[in-house]
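Enquirer: Just need the structure, nothing else, for what follows:
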Amino acid sequence: LTPTTRRHVDAILFAHSSRRPLLLESPTGVGKSTLVAYCAHATRSPLRRFIMSPSLTVPEFLGRDTFQGPAGAPGPATDDAGLVSLALGPFAFGYYYGCWVFLDEFNLAPEAVLQCIELALDSQYLHIPGPFRTGSRHLQDGGLRLPMHPNFRLFAAQNPRGAVFAVQRFAHSTALLSRFVVAVWEPLPPKELRAVVAQHLQAGFADEAVRGSLATGLCDAFHTLMALPMPEDCPITIRDLIRAARLLCHFNREHTAGTCKRFPAAEALEAVGLMLGRRFRGASRQQVDQAERVVRESVAQALGPPTTDGGMGPMTADGSFRELLALTVDTDEYVLRGLHVPDSEAANLSGGRRLFIVTERVVALWQHLWVCEATGDPVLIIGDVGCGKSEAFRAYASYRRQSDRTTHPLTTVTLTPETEVADLAGCMLPARHRTTERGEAGDLVDSAPALQADLFFGDVALPWVWVNGPVVECFTEG
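Expert: Have a look, this model is predicted:
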């Protein structure tokens, strides 16, 4: 907590004590979500977070029918058969049960959703359209009329309309804004930004002077990048600086653990330059190279002159990537052939394996992928159609699995404009048939390992079972 973030915390706690909804507006990375979560934890208030979008519908936001247990299962309303009940959406759940509700990307929400919020704040009751046939004392005119819990608190956050997705960001009506306390937060001043980065460097550097020097180098690079003439606004935020700090800590931990004899300055500079410099998507190759050079020079100055006591850096995977330029390596799916391998050496493509040529550009990409894998950061590869993005990543995954058999196989999902959340997270699928005896669930759909083993509630067999989607499976299985 810096002086600026302490003032932000005071604003959130004041909204909590005064029971006024709070709307936060600031650029990305200022800490809106983190500070609301921090204050919810400090006040021991349950928190429900929901990210708004232009495609959000009122039933998704308030609640809709889902398959549940038999009659009498928990929930405000259940049908006669007991197989369908209302699952409250995040706003309705917090409104009725007394949680903090945090609505992110508030100015991306459609007007119909905002009108529901406005009416609920005014009337102290939330109306969920029906019809609901039985099961709730809050039933009125075929719908539900839920009272506001005294502990309910509403927080909303949004980026300025000039930011990303500016065309889709709506200008709120005066009537809606009048129901909120509006707070506009500016980015952290340079001194506090350095203090935050220095705190994150504590995980890898015990020397306070070294932490301060590295934090200054990263922040100087950040402010220099913001001043560069680029075709887009600077996409780097405090989140990226914290990732870069984690990366430097990773290298230094490898050094102190004895993996290498010296701190691998060259490898660390290259990795941090890749992480920050390639954030500029609309820039030319020369502009990206300039951005990487700015980062490397700033951090190099903070690291001081390199040592010469020998030893290799910890990026053994990166070293082997460069060695691949002169090698031929067989994996389960590919024959990886280096660009400098003599043409006289024939590749063995038996077993349906494909030939993949390892070039300098592939080595640079794989180095970037390895850095992000080592620090747990997600990767977005951008390139023209046919430039080899998917194939290069599949070959990387195959090589990593060949090097370390504990690595899980790659899961590939192709996204289209028609892809739905259920395609990634999972959904309810019908069982082929069911019986009335407990434990005889019958034949199920083909994805049997992902199905819930117990398809019964009491003596009632459910005709539907939950199947995890590919993202949930990978998320849970590592």
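Enquirer: Quick one: the strands in the stretch 151-300 of the chain, in order.
Expert: 153-158, 181-184 (DSSP state E, counting those that start in this stretch).
Enquirer: List the buried residues for the shortest one?
Expert: The neighbour-count check on strand 181-184 (16 or more other C-beta atoms under 10 Å) flags residue 183 as buried. C-beta here means a position set from N, CA and C on the backbone, and glycine is covered the same way.
Enquirer: what does stretch 209-220 give?
Expert: Buried residues in stretch 209-220, counted by 16+ other C-beta under 10 Å: 210, 211, 212, 213, 214, 215, 216, 217, 218, 219, 220.
Enquirer: So which of the residues you listed are in helices?
Expert: Within the buried residues of stretch 209-220, residues falling in helices by DSSP state H are 210, 211, 212, 213, 214, 215, 216, 217, 218, 219, 220.
Enquirer: Just the CA trace of stretch 396-415, in CSV.
Expert: Provided in CSV are the C-alpha atoms of stretch 396-415 (Å, rounded to 0.1, in the frame of the first residue of the first chain):
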residue,chain,number,x,y,z
TYR,A,396,7.5,-26.4,-29.3
ALA,A,397,5.0,-28.4,-27.2
SER,A,398,6.2,-31.7,-28.7
TYR,A,399,9.9,-30.8,-28.1
ARG,A,400,9.1,-29.9,-24.4
ARG,A,401,7.3,-33.1,-23.9
GLN,A,402,10.2,-35.0,-25.5
SER,A,403,12.6,-33.3,-23.1
ASP,A,404,10.4,-33.7,-20.0
ARG,A,405,7.9,-36.6,-20.0
THR,A,406,6.0,-35.2,-17.0
THR,A,407,4.8,-32.4,-19.3
HIS,A,408,1.1,-32.8,-20.2
PRO,A,409,0.1,-33.2,-23.8
LEU,A,410,-1.0,-30.2,-25.7
THR,A,411,-4.8,-29.5,-25.9
THR,A,412,-5.8,-27.5,-29.0
VAL,A,413,-9.1,-25.6,-29.4
THR,A,414,-10.0,-23.7,-32.5
LEU,A,415,-12.1,-20.6,-31.8
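Enquirer: Could you number the chain from 53 rather than 1 from now on?
Expert: Understood, numbering begins at 53; the last thing we discussed is stretch 448-467.
Enquirer: returning to what we had before: now, which of the ones in helices among the buried residues of stretch 261-272 sits nearest residue 279?
Expert: Closest approach between these and residue 279, by C-beta to C-beta: residue 272, at 11.0 Å.
Enquirer: So what's the residue count around the closest residue to that closest one other than its chain neighbours?
Expert: Leaving aside its sequence neighbours, residue 272 sits nearest to residue 350 (C-beta to C-beta, 6 or more residues apart in numbering; 4.7 Å). For residue 350, the tally of surrounding residues (other C-beta atoms under 10 Å) stands at 25.
Enquirer: cool, and residue 517?
Expert: A count of neighbours around residue 517, defined by other C-beta under 10 Å, yields 22.
Enquirer: Using the three-state scheme, assign it.
Expert: strand (DSSP: H, G, I helix; E, B strand; the rest coil).
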